[in-house]
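[1] Next one to model:
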Amino acid sequence: ALAAGLERPGDAVTSLGSTLVCKLLSSRPLFDAEYGIYSHHIFGNWLAGGASNVGGAVLRRYFPDDELTSLSRQINPDRSLCLRYYPLPEKGERFPFNDPAMQPRLTPVPKDRVRFLQGLLESIARVERTAYRRLQELGCGYPTRVFTSGGGAQNDVWSTMRQRMLTCPVLPAKHVQAAYGAATIALKSLSG
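    Numbering: from 1, shown residues only. Below is the predicted model of the structure:
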């Protein structure tokens, strides 16, 4: 999170890897097992959030990397398809709903693979929005900007969709190596 560029409460980071991880810098901690939310103390603030089981693992099940890239270029990110998927790779969700029995929802599958991909990307973005709204409902505020790391951060079309849904700037992480964050912690601890 520090490597991403978080500086003040309201800054958030989403990791778009095989799963979706959403963290929001807040002035207060938040712990809620009902929703799979936990917090880490960091330099006088708190990093609150959780990890969803939706994410790139589902995309890789249906699309090889080269196809994902070429099909993404054909998507109009300003037009929503409203396919209401909940793209879990298997049964069970952790955040923003902690439901071990939750089933994936991946139908209907359009014949057009561009539309199917768009529906999956939109649905993951919708889960991200729900995650940040859950944090807001529980008192952490809503992101003023979201930094993005992970493989999904490379997809500009998806970033545009996410920005539209989140209604705040979506930016690439400033640094992607976790070692940068560790070095920042070490430097701050030395400088007091």
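[2] For F63, give me its contacts.
    Taking C-beta atoms under 8 Å, 6 or more residues apart in numbering as the criterion, F63 is in contact with 71, 113, 117. In short, each C-beta sits where N, CA and C put it, glycine included.
[3] Would you map the strands across the chain?
    11-16, 20-26, 38-42, 45-52, 145-149, 170-172 (DSSP state E).
[4] Can you add distance to R164, mean pLDDT and mean neighbour count and give these back as JSON lines?
    Shown next, in JSON lines, are those (distance: least, C-beta to C-beta, whole Å; pLDDT from 0 to 100; neighbours: other C-beta atoms under 10 Å):
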{"stretch": "strand 11-16", "distance to R164": "15", "mean pLDDT": "96", "mean neighbour count": "26"}
{"stretch": "strand 20-26", "distance to R164": "17", "mean pLDDT": "97", "mean neighbour count": "25"}
{"stretch": "strand 38-42", "distance to R164": "28", "mean pLDDT": "94", "mean neighbour count": "15"}
{"stretch": "strand 45-52", "distance to R164": "19", "mean pLDDT": "96", "mean neighbour count": "23"}
{"stretch": "strand 145-149", "distance to R164": "12", "mean pLDDT": "95", "mean neighbour count": "23"}
{"stretch": "strand 170-172", "distance to R164": "9", "mean pLDDT": "94", "mean neighbour count": "18"}
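[5] Turn the ones you listed into JSON lines, columns for distance to P77.
    Listed next are those as JSON lines, based on distance: least, C-beta to C-beta, whole Å:
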{"stretch": "strand 11-16", "distance to P77": "15"}
{"stretch": "strand 20-26", "distance to P77": "18"}
{"stretch": "strand 38-42", "distance to P77": "32"}
{"stretch": "strand 45-52", "distance to P77": "21"}
{"stretch": "strand 145-149", "distance to P77": "15"}
{"stretch": "strand 170-172", "distance to P77": "11"}
